[in-house]
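Asks: just the structure for this:
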Amino acid sequence: MTKEQADAILNLVKRNYNEIAAAFDATRKKEIWPVIREFAAEIKDGDKLLDAGCGNGRLLEVLKDKKITYLGIDNSAELIKAAKINFPESEFREADILDLNNVPESNFDHIFCLAVLQHIPSRELRVKFLKNLAARLKPAGNLIVSVWNLRQIPKYRRMIWRNYWRLIFWRHKLEARDLIFPWKDSAGAVVSDRYYHAFTARELRRLGAAAGLKILEIKADKYNIWVRFQL
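Replies: Next comes the predicted model:
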């Protein structure tokens, strides 16, 4: 994938989340994944936590009883607005997760990156992203990453296979296991296009190793793959 293609996809992702922010906020107020509650149970009072790609701040639902230092960052201005409304006492900041110039803080005990890595195109940028987060992690701190387990969901599995054939016969601009599909509103009308990369557990292991991280735990369920990284 060329730099121009990767930049175009990153712009699409940012535009998509700004366009769907209100609907996204509304649909992300349901019960949070049980696995997130398991990870959150390990967070102690006094810990520092970075929520990278915080969206509407939903992670705070399981942290409300914790006395921690929390920072949520996202490159979508509209989602940051929603997060500030949802959790006005917490700190949120608009920031480019591939740059993090707006995040001088470091030595975080925990960094959560939930359903974010799947929106980053190209192996080069994914490794860069993980390195950026690793640089802000305290020794023995936890980096919790989740991605959608798209290969386990039939409709997305079919999309993945169609993209393989496009790559073979038409040199499609996307890479293997890359997908672009529409976000639809409650009436079924297309609002915006979305980009995802369908990860495998093996691929996540290799990305972590390339970023200088070790895997303490990796597990998958019907909808997500979960990884706990450390330095």
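
Asks: now residue 186: how far from residue 23?
Replies: From residue 186 across to residue 23, the span is 8 Å (Cβ to Cβ, to the nearest Å). Any C-beta I mention is one placed from the backbone N, CA and C, and that applies to glycine too.

Asks: neighbour count for those two, which is higher?
Replies: residue 23 (15 against 8; other Cβ atoms under 10 Å).

Asks: quick one: the residue lying closest to that one once chain neighbours are set aside from residue 148, how far?
Replies: In this structure, residue 23 finds its nearest non-sequential neighbour in residue 185, 6.2 Å apart by Cβ to Cβ, 6 or more residues apart in numbering. Here the distance between residue 185 and residue 148 works out to 20 Å (Cβ to Cβ).

Asks: which one's more surrounded, the two?
Replies: residue 148 (19 against 12).

Asks: is the more buried one bridged to anything, and to what?
Replies: Beta-bridge partners recorded for residue 148 (DSSP bridges): residue 224.

Asks: show me the contacts for it.
Replies: 115, 118, 156, 196, 198, 223, 224, 225 (Cβ atoms under 8 Å, 6 or more residues apart in numbering).

Asks: which among these end up buried?
Replies: 115, 118, 156, 196, 198, 224, 225 (16 or more other Cβ atoms under 10 Å).

Asks: correct me if wrong: the second one contacts residue 147.
Replies: Yes: Residue 118 is in contact with residue 147 according to Cβ atoms under 8 Å; the separation is 4.5 Å.

Asks: shared neighbours of the two, anything?
Replies: Both residue 118 and residue 147 are in contact with 197, 199, where contact means Cβ under 8 Å, 6+ apart.

Asks: distance check, the residue nearest to residue 23 against residue 118.
Replies: Note on residue 185: its distance to residue 118, by Cβ to Cβ, is 22 Å.

Asks: residue 110: which element?
Replies: Here residue 110, judged by DSSP states H and E, is contained in strand 108-114.

Asks: so in that sheet, which strands flank that strand, and in what orientation?
Replies: On the basis of DSSP bridges, the sheet neighbours of strand 108-114 come out as strand 48-52 (parallel), strand 137-148 (parallel).

Asks: alpha carbons only: can I get the following helix or strand past it in CSV?
Replies: In the C-terminal direction, the helix or strand that comes right after strand 108-114 (DSSP H and E) is helix 123-134. As requested, the backbone C-alpha atoms of helix 123-134 are provided in CSV (Å, rounded to 0.1, in the frame of the first residue of the first chain):
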residue,chain,number,x,y,z
ARG,A,123,1.6,-3.0,8.5
GLU,A,124,4.1,-0.1,8.8
LEU,A,125,1.5,2.2,10.4
ARG,A,126,0.2,-0.5,12.7
VAL,A,127,3.7,-1.1,14.0
LYS,A,128,4.3,2.7,14.4
PHE,A,129,1.0,3.0,16.3
LEU,A,130,1.9,0.2,18.8
LYS,A,131,5.4,1.7,19.2
ASN,A,132,3.9,5.0,20.1
LEU,A,133,1.7,3.4,22.8
ALA,A,134,4.6,1.3,24.1
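
Asks: nothing else from me, thank you.
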